[in-house]
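Engineer: please find the sequence and the predicted model below.
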Amino acid sequence: MHQDPGFKTIVQIAVVCRDIEVTARRWAALLGVEMPKIVTTDPGHDCGMVYLDKPSNARCKLAFFETGTCALELIQPLGPGSSWQDGLDKNGESIHHVAFTVKDLNGTLRACKEQGMPLVHQGHWDGKNGTYAYIDSERQLGVMIELLNWEKK
């Protein structure tokens, strides 16, 4: 099996929520830190988003807490057409994914698919420099996995 060295370190744990401002205030109070900046993503069509093999124009609000070991990401979906909204609808406010940074995205995607964990949602950030890919691994692992790949072009 292909094993990308990035799969050794968790870089992010993400939680989907209904109201990011409320949830971020609660996390900030718990962690004893300032509220992070909340950003709204570009429309999905602008960043090549594909969900369940179809282009998606979904958006979300994001906030990140840097904890020193890995980031805590909060995600508030802004409508249908994403694993964020479907996860919130199915599981309520809960962990959406655990993320790893990988160097060989395509090789890692192939290895996951061979283990019965297919790609379900992907897109780009930082222009087209970064790619995120969500793997349907809930049946095998109890949580979705996100693969992050970033290469400055």
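Structural biologist: Structure's in. What do you need? On a predicted model such as this, the values are computed, not experimentally measured, just so you know. Numbers count the residues shown, from 1 in each chain.

Engineer: and for the residue nearest to residue 82 when sequence neighbours are not counted, the neighbour number?
Structural biologist: Residue nearest to residue 82 in three dimensions, not counting chain neighbours: residue 58, with 3.8 Å by CB to CB, 6 or more residues apart in numbering. Placement of C-beta: from N, CA and C, glycine included. Residues lying near residue 58 (other CB atoms under 10 Å) number 22.

Engineer: correct me, but residue 58 touches residue 83?
Structural biologist: No: using CB atoms under 8 Å, residue 58 is not in contact with residue 83, being 9.0 Å away.

Engineer: overlap of the contact sets of those two?
Structural biologist: Listed as contacting both residue 58 and residue 83 by CB atoms under 8 Å, 6 or more residues apart in numbering are residue 51.

Engineer: distance of the residue sitting furthest away from the middle of the chain relative to residue 67?
Structural biologist: Here the chain reaches farthest from its C-alpha mean at residue 32, the gap being 24.4 Å by CA atoms, centre = their mean. Separation of residue 32 from residue 67 (CB to CB, to the nearest Å): 11 Å.
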